[in-house]
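1. Quick one, what's the 3D model for this:
(one chain, ligands or ions: 1)
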Amino acid sequence: MKLLLHYAKPYWRQISLAVLAVTTMALATLLQPQFLKRMMSAIIADNSSAVFHNGIWLLSLAVVGMIAGVSGTFFASRVSQGVAADLRQAEYEKIQTFSLTQIQKFSSANLVVRLTNDINQVQRFAMQLLQIILRVPILFVGGLILAIWTIPSLWWVIVLMIVLILLTTGRIFGQMGGLFGKFQKILDKNNTLTQESLSAVRVVKSFNQEGQEEENFAKSTKELTDLNQKIAYIFSLMTPVYMLISYIAIAAALLLVSHTILKNPSELAKITPFITYLNQILFSLLMMGMVSNMASRGLVSLKRIGAVMAEPSSVNIHENAKEGEVDRFAGRVSVNNLSFAYPNDDKQVLTDISFDLPAGQTLGIVGSTGSGKSTLALLLARLYQPQAGQVLIDGQNLQEIDQETLHQNLSIVLQKPVLFSGTIAANLKMGRPDAGLADLEKAAEQAQASEFINQYPDRFEHEVSERSSNLSGGQKQRLSLARALVKNPSLLILDDSTSALDARSERLVQDALASDFAKTTKVIIAEKIASIIHADQILVLDHGKIVGQGSHHELLENSEMYREIYQSQKGKEESHD
Ligand SMILES: Nc1ncnc2c1ncn2[C@@H]1O[C@H](COP(=O)(O)OP(=O)(O)OP(=O)(O)O)[C@@H](O)[C@H]1O
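-> Predicted coordinates:
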C-alpha cells in the first residue's frame with residue numbers, strides 16, 4: 001500500500017478532485033429521496049408551489065449528481081492510469097538493473113506477468129479505491145441514518161436486512177475470493193504455455209508437436225472456461241438474492257406501516273424514500289463485498305510488484321562518474337577462488353576457479369559439455385554474481401565497477417546469439433551509439449559479415465525481424481560478433497562464437513582478432529582446440545574445476561584430458577582430410 005501511496009503522490013490534485021466529486025455524488029444520492037418525500041407530501045397536501053419548488057431541487061440534485069459522477073470517473077481514471085503507467089515504467093527500469101541471478105530467481109515469464117497483469121490489477125484497484133471505497137461508507141452510514149430518521153419504528157427491519165445480506169453475500173464473496181485466486185494461477189499457466197509454444201514454434205513444428213501443444217492448450221483453456229463459468233454462475237445468483245432480500249424488506253416495511261398509512265395518508269410520502277434508502281444500504285453492502293474482493297487481488301499484485309521494486313539493483317552507478325567519460329581499462333583479469341551455483345539450484349557449477357590473465361593476452365577455455373565454460377564467461381561479464389571468490393579487472397572488484405564503465409570496456413558474445421528487431425545498423429550500434437558507418441563497415445569486415453550485408457540493397461539499413469528469424473545461424477553469429485567488436489573493448493569474451501562459421505571465415509576472424517585487437521584481452525571458449533591453439537594460456541575445465549592450465553604445448557605434456565580432447569579432434573580432422 002505504501003508503494004501505491006508513493007506513486008499516487010504526484011497526482012494529489014486529481015485525487016482531491018476525484019474525492020470531492022465522489023463525495024458530492026454520494027451526498028446528492030442521499031439527499032434526493034428527502035426531496036422526493038417533500039414532493040410527495042406536497043402532492044398529498046395539494047400544494048402545487050411546494051411540488052414545483054421541491055421538483056426543481058430534485059432535478060438540480062440529479063444534475064449535480066450526474067456531473068459529479070462523470071467528473072469522479074474522469075479524475076479517478078486519470079489517476080489510476082497515470083499511477084499504473086509510472087509504476088510500470090519504474091518496474092521495467094528496475095528489472096533492467098537486475099542481474100541474471102535475479103531474473104532467474106523470479107523467472108522471466110513471471111516478471112512479464114508482474115509487469116502486465118499485476119499492473120492492470122493495481123490500476124483497477126486504484127480506480128475502485130477512488131470511485132467506490134469513499135462512496136460506499138457515505139451511502140451506507142448516510143442511508144442507515146436517514147432511513148431510521150424517516151421511519152424510526154422500522155429500525156429492526158433494516159437491521160434484519162443487513163444481517164441477511166451479510167450472511168448470504170458474505171458466503172458468496174468468500175467463495176469468490178478463492179476462485180479468483182485459482183483463476184489467476186490458471187491464467188498464468190495458460191500465458192506461459194502460449195509464450196513457450198510460440199517462441200519455440202520451429203521445434204514444435206519440426207517435431208510435429210502441434211497436436212500435443214493444442215491438447216495442452218485446450219486442457220488449460222477448458223480449466224479456465226470451467227472456472228469462469230463457476231464464477232459467472234455465482235455472480236448470476238447475486239442479483240436474485242439481492243432482489244429477494246430487498247423485496248422481503250420492502251414487503252415487511254409496507255406491511256408494518258400499512259395501518260399507520262390508513263390512519264394518516266400523509267405518512268405514505270415516507271415509504272418511497274425509506275425504500276430508496278433500504279436499496280442504497282443494500283447496494284453499498286454489495287459494493288463493499290465486490291471491493292474487498294478487488295482489493296485483496298489488488299493488494300496481492302501490489303505485493304508482487306513491491307517484491308520486484310525492493311530487490312537491490314545489481315547495477316552500480318558510479319556517483320562521481322562524469323557523463324560520457326569513463327575509464328579505459330588495460331584489461332588485466334584476475335580470478336580468485338571463484339565458486340558458483342545457479343539460483344534455486346544446489347548444484348555447484350564452478351568450484352574454486354583461479355587464474356591471472358595479463359592485459360592484452362588471450363585465454364582459451366576448453367572442456368567437456370556442461371563443465372561450466374559458459375557459466376565462467378557469464379561471471380566474467382558480471383551477468384551473474386559468484387557466491388564465493390572474486391573477479392578483478394585491473395585490480396578493481398568487478399562487482400564494484402559502475403555499469404557504464406563496464407559496458408564500455410567489456411563485450412561478450414553469447415553462445416546463443418541474440419539480435420533485436422530493427423536495422424542491422426541499430427543492432428551493431430547497441431554497444432556504441434555514436435559509431436559511424438565506417439566503424440560499422442570495419443567491424444562487419446572483421447566479423448566476416450560484410451559479404452552477406454552487402455548483398456542486401458539497403459545494406460546496414462536492412463531490417464532484422466523479430467527473433468532474427470530472417471537470418472541464418474552463421475549470419476546471426478557474425479552480426480553478434482561485429483556488435484561486440486564495434487565497441488573496441490578492453491576485454492572481449494567469446495563463448496563458442498564462431499561455431500557456425502566455415503573454417504575459412506573462422507580463420508579470418510582469428511586473424512582480425514590477432515591484428516586489430518592486439519591490445520584487447522580475450523577470453524575465448526571453444527569446442528575445437530584449433531580455435532585456441534595459439535592462446536597465451538588455456539584452461540581445461542571438468543565438472544566445474546580447473547583440471548589443466550598452461551599453453552597448448554604445456555598442456556599436451558601435463559594434462560591427460562587436454563591430450564585426449566586434442567587427439568580425438570585431430571583424429572576427426574585427419575579423417576575429414
Ligand atoms: N541457467 C541455469 N540454471 C541452472 N543450471 C544451469 C543454468 N545454465 C547452466 N546450468 C548448468 O550448469 C552447468 C554448466 O553449464 P555451462 O553452460 O556453463 O556448461 P558449458 O561447459 O558451457 O557447456 P557446453 O559446452 O555444452 O556449452 C550444467 O550442468 C548446466 O546444466
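2. From now on I want contacts and neighbour counts done on CA atoms only, so please keep to that.
-> Will do.
3. ok, now which ones touch residue 224?
-> 183, 186-187 (Cα atoms under 8 Å, 6 or more residues apart in numbering).
4. among the residues you listed, which one has the lowest pLDDT?
-> pLDDT is lowest at residue 187 among the contacts of residue 224; the value there is 73.
5. Helix, strand, or coil at it?
-> Following DSSP: H, G, I helix; E, B strand; the rest coil, residue 187 is assigned to helix.
6. ok, now the one 10 residues further on?
-> Counting by three-state DSSP, the backbone at residue 197 sits in helix.
7. quick one: it and residue 212 touch, right?
-> No. Using Cα atoms under 8 Å, residue 197 is not in contact with residue 212, being 10.4 Å away.
8. How about the residues of this structure by the ligand?
-> 342, 349, 369-375 (Cα under 6 Å from any ligand atom).
9. just checking, residue 413 touches residue 479?
-> No. Under the criterion of Cα under 8 Å, residue 413 makes no contact with residue 479, lying 9.9 Å away.
10. In the chain, which residue sits furthest out from the middle?
-> residue 263 (67.9 Å; Cα atoms, centre = their mean).
11. pLDDT score assigned to that residue?
-> On the pLDDT scale, residue 263 gets 79.
12. next one: residue 325
-> 55.
13. Could you do residue 370 as well?
-> Value for residue 370, per-residue pLDDT: 90.
14. Which residue is the nearest non-sequential neighbour of it?
-> Nearest residue to residue 370, sequence neighbours excluded (Cα to Cα, 6 or more residues apart in numbering): residue 543, at 7.2 Å.
15. and the one you found, what does it touch?
-> 349-350, 370-372.
16. Look at residue 197 and residue 212 and report which has more neighbours.
-> residue 197 (18 against 11; other Cα atoms under 10 Å).
17. any idea how far that one is from the ligand?
-> For residue 197, the distance to the ligand equals 20 Å [Cα to the nearest ligand atom, to the nearest Å].
18. tell me the SS of residue 448?
-> coil.
19. okay, now it: neighbour count?
-> 24.
20. so who does it touch?
-> Residue 448 makes contact with 478, 505, 508-509 under the criterion Cα under 8 Å, 6+ apart.
21. now with 7 Å?
-> 478, 505, 509 (Cα atoms under 7 Å, 6 or more residues apart in numbering).
22. Angles on the backbone of the last one, please.
-> Meaning residue 509. Residue 509 adopts backbone torsions of phi -60, psi -40, taken as degrees, to the nearest 10.
23. can you tell me which residues contact it?
-> Contacts of residue 509 by Cα under 7 Å, 6+ apart are 446-448.
24. The second one too?
-> For residue 505, the contact set (Cα under 7 Å, 6+ apart) comprises residue 448.
25. Correct me if wrong, but it is in a strand.
-> No. Counting by three-state DSSP, residue 505 is not part of a strand but helix.
26. low pLDDT regions in the stretch 201-350 of the chain?
-> 201-210, 314-326 (pLDDT under 70).
27. ok so, going back, let me have the contacts of residue 224 in a markdown table, adding neighbour count and distance to residue 280 as columns.
-> A markdown table is the format used below for the contacts of residue 224 (neighbours: other Cα atoms under 10 Å; distance: Cα to Cα, whole Å):
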| residue | neighbour count | distance to residue 280 |
| --- | --- | --- |
| 183 | 19 | 31 |
| 186 | 17 | 36 |
| 187 | 18 | 35 |
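28. related to what we said a few turns ago, closest to residue 83 among the contacts of residue 448?
-> Closest to residue 83 out of the contacts of residue 448 is residue 478 (43.0 Å), distances taken as Cα to Cα.
29. how close does the closest one sit to residue 133?
-> 58 Å (Cα to Cα, to the nearest Å).
30. Who has more neighbours out of the two?
-> residue 478 (29 against 19).
31. so for the helix or strand hosting that one, what's the average pLDDT?
-> Per DSSP states H and E: residue 478 is located in helix 473-486. Regarding helix 473-486, the rounded mean pLDDT is 92.
32. residues in contact with residue 347?
-> Residues near residue 347 by Cα under 7 Å, 6+ apart: residue 341.
33. Can you give me the distance of it to residue 372?
-> 12 Å.
34. Okay, strands next: where are they in the stretch 1-150 of the chain?
-> Remark: no strands are assigned in the stretch 1-150 of the chain by DSSP state E, counting those that start in this stretch.
35. in what helix or strand does residue 369 lie?
-> With secondary structure defined by DSSP H and E, residue 369 is part of neither a helix nor a strand.
36. what's the neighbour count on it?
-> Residues near residue 369, counting by other Cα under 10 Å, number 12.
37. Indicate the residue of the stretch 101-250 of the chain located nearest to the ligand.
-> In the stretch 101-250 of the chain, no residue comes nearer to the ligand than residue 104, which is 7.1 Å away by Cα to the nearest ligand atom.
38. Quick one: residues contacting that residue.
-> Neighbour list for residue 104: residue 343 [criterion: Cα under 7 Å, 6+ apart].
39. for residue 474, same thing?
-> With contact set as Cα under 7 Å, 6+ apart, residue 474 has these partners: 500-501.
40. what about 10 Å?
-> For residue 474, the contact set (Cα atoms under 10 Å, 6 or more residues apart in numbering) comprises 417, 449, 480, 497-502.
41. Tell me which of the residues you listed fall in helices.
-> Here DSSP state H is the test, and the contacts of residue 474 give residue 480 as lying in helices.
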